[in-house]
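Peer 1: Below is the sequence, then the predicted model.
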Amino acid sequence: MPFERLAGDARAIVHTAVEDEARASGHGSVEAEHLLLALAAHPALLGLGLDRDELVAALAQEEERSLAAVGIAAADFDLPAGHRGPRKPRLAASIKLAIARAVAIAAKRGDRRITAKHLLYGVLDAEQGRVPRALRIAGIDRAELRARI
């Protein structure tokens with residue numbers, strides 16, 4: 001992972017995704033969805049129309065739909081209250097891919113540092129997974145959002 005190329009704001013966002021979003025949601029791994037939530041709350045990106053609370057609701061709805069598609073009702077299970085272990089959650093494939101896409105976008109543009117905007121591009125460029133499905137549920141057009149960045 002090329003973390004040394006992350007600008008200060010991008011480092012802070014990744015740290016927030018790890019420390020706040022993943023742990024608070026009870027995940028043992030940090031996913032692209034946690035990065036998206038951290039990006040939605042970042043001051044430099046507030047004017048883009050990403051509402052963190054709306055995204056949380058869309059992610060919950062996406063999870064319910066995905067579980068229902070395989071015949072599972074989340075309400076039937078007692079889920080853990082949150083990650084309370086001493087270890088940091090590990091970075092999962094989805095966030096690693098989002099960061100790699102951000103690095104590629106920065107390189108293509110000739111930017112030496114990866115910023116919050118690069119990270120958002122990296123998250124938005126995912127074609128599959130929870131993030132694109134949740135964005136559709138939230139009514140967010142990824143192409144339109146990319147154009148506003």
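Peer 2: Noted; the coordinates are in hand.
Peer 1: Output the lowest mean pLDDT helix or strand found in the protein.
Peer 2: helix 23-24 (a mean of 82; mean pLDDT, DSSP states H and E).
Peer 1: Name the residues that touch the next helix or strand after it?
Peer 2: Per DSSP states H and E, the first helix or strand lying C-terminal to helix 23-24 is strand 29-30. The contact list for strand 29-30, computed with Cβ atoms under 8 Å, 6 or more residues apart in numbering, reads Ala17, Val18, Glu21, Ala22, Pro89, Arg90, Leu91, Ala92, Ile95. The way it works is simple: take the backbone N, C-alpha and C, and place the C-beta from them, glycine included.
Peer 1: show me the residues around the fifth one that make contact.
Peer 2: Think Pro89. Pro89 touches Val18, Ala22, Arg23, His27, Gly28, Ser29, Val30, His83, counting by Cβ under 8 Å, 6+ apart.
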